[in-house]
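Peer 1: Give me coordinates for this.
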Amino acid sequence: MPKPPSQTAAAKPKKMPSQTEIDALTRDLVDRPYGEQQPKVKKAKPVTISLHPSMIEQLEDLALKNKRAGTGPKTVSAIIRDALAASGFVNY
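Peer 2: Numbering: from 1, shown residues only. Next comes the predicted model:
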């Protein structure tokens, strides 16, 4: 059964936003970079390598030791990145 005309959306008066609501929306939208190109961020790309189990164990032990001591690289990936950098590979 349809609603009577007095209860339809067209019959209800529209609420206009107050000046403070307009100002708040303006402040929220003013610094958004619409249409501008954002600089592309280079992200690390995951790579899979195969290592001997004893080498993996040594790397994991070193990472755990560094975590507990609060020094040095704390993940296997960070240890390998440091070793590659020391070998002359540059981190862009």
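Peer 1: Report the contact partners of residue 91.
Peer 2: If you count contacts by CB atoms under 8 Å, 6 or more residues apart in numbering, residue 91 has them with 81, 85. Every C-beta, even on glycine, is put in place using the N, C-alpha and C of the backbone.
Peer 1: Tell me where this structure has helices.
Peer 2: Secondary structure of the chain (DSSP state H): helices at 19-29, 53-69, 76-86.
Peer 1: Compare the mean pLDDT across these and name the weakest.
Peer 2: For the helices of the chain, mean pLDDT drops lowest on helix 19-29, to a mean of 88.
Peer 1: returning to what we had before: the helices of the chain: which one's closest to residue 41?
Peer 2: Closest to residue 41 of those is helix 76-86 (CB to CB; 17.6 Å).
Peer 1: Residue 68: neighbour count?
Peer 2: 9 (other CB atoms under 10 Å).
Peer 1: That one and residue 58: what is the separation?
Peer 2: Distance, residue 68 to residue 58, by CB to CB, to the nearest Å: 16 Å.
Peer 1: any chance of the helices of the chain in TSV, plus distance to residue 47?
Peer 2: Formatted as TSV, these follow (distance: least, CB to CB, whole Å):
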stretch	distance to residue 47
helix 19-29	41
helix 53-69	15
helix 76-86	9
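Peer 1: how about those helices, which one is nearest residue 7?
Peer 2: In terms of CB to CB, the element of these nearest to residue 7 is helix 19-29, at 26.4 Å.
Peer 1: contacts for the closest one?
Peer 2: residue 17.
Peer 1: export it as CSV, just CAs?
Peer 2: The C-alpha trace of helix 19-29 is given here as CSV (Å, rounded to 0.1, in the frame of the first residue of the first chain):
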residue,chain,number,x,y,z
GLN,A,19,27.0,27.7,8.5
THR,A,20,29.2,25.8,11.0
GLU,A,21,28.5,22.5,9.3
ILE,A,22,29.4,24.1,5.9
ASP,A,23,32.6,25.5,7.4
ALA,A,24,33.5,22.1,8.9
LEU,A,25,33.0,20.4,5.6
THR,A,26,35.1,23.0,3.8
ARG,A,27,38.0,22.6,6.3
ASP,A,28,37.9,18.8,5.7
LEU,A,29,37.9,19.1,1.9
